[in-house]
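In: here you go, sequence then predicted model.
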Amino acid sequence: QVQLVESGGGLVQAGGSLRLSCAASGSIFSINAMGWYRQAPGKQRELVARITSGGSTNYADSVKGRFTISRDNAKNTVYLQMNSLKPEDTAVYYCNADVVVTTLHQYYDYDAWGQGTQVTVSS
């Protein structure tokens, strides 16, 4: 009922930049918080950044000052601008959205996840 499609991952040298995008579609009434998580090999998935519908943000300490999360509510899209990338940023990045889904005049919360996009930073 809700799909999140990510794009923008790839291979970049240390110090470089990438911009991730994630577009939500489906039976969406509204979207509360949206965020990005990442999972490196052998590690647990961790929060990178999150943004509320009102624009409040929070970041992992490891990315503060380098990454910026933003969203376009009209397009149901969230972005992650990643600057000054480091090899330790290498991971699969997942988009997440707290969606209010509507179907047949009923509404319920749905925790949606994207399929993940690989970000690789070479030293």
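Out: Yep, it's here.
In: how about the contacts made by the residue nearest the centre of the chain?
Out: In the chain, the C-alpha nearest the mean C-alpha coordinate belongs to residue 36, at 2.8 Å (Cα atoms, centre = their mean). Applying Cβ atoms under 8 Å, 6 or more residues apart in numbering to residue 36 gives the contacts 20, 22, 47-50, 69, 78, 80, 93-96. Every C-beta, even on glycine, is put in place using the N, C-alpha and C of the backbone.
In: before we move on, what about residue 77?
Out: 21-24, 71.
In: follow-up on the earlier one: most neighbours, which of the contacts of residue 36?
Out: When neighbours are counted by other Cβ atoms under 10 Å, residue 78 leads these with 29 neighbours.
In: need the contact list for that residue.
Out: Going by Cβ under 8 Å, 6+ apart, residue 78 touches 21-22, 34-36, 51, 69-72, 95, 97.
In: could you verify that it is part of a strand?
Out: Yes: counting by DSSP: H, G, I helix; E, B strand; the rest coil, residue 78 is found in a strand.
In: tell me the bridge partners for it.
Out: With DSSP bridges as the criterion, residue 78 is bridged to residue 22, residue 71.
In: now, which of the contacts of residue 78 sits nearest residue 88?
Out: Residue 88 lies nearest to residue 36 out of these, by Cβ to Cβ, at 15.8 Å.
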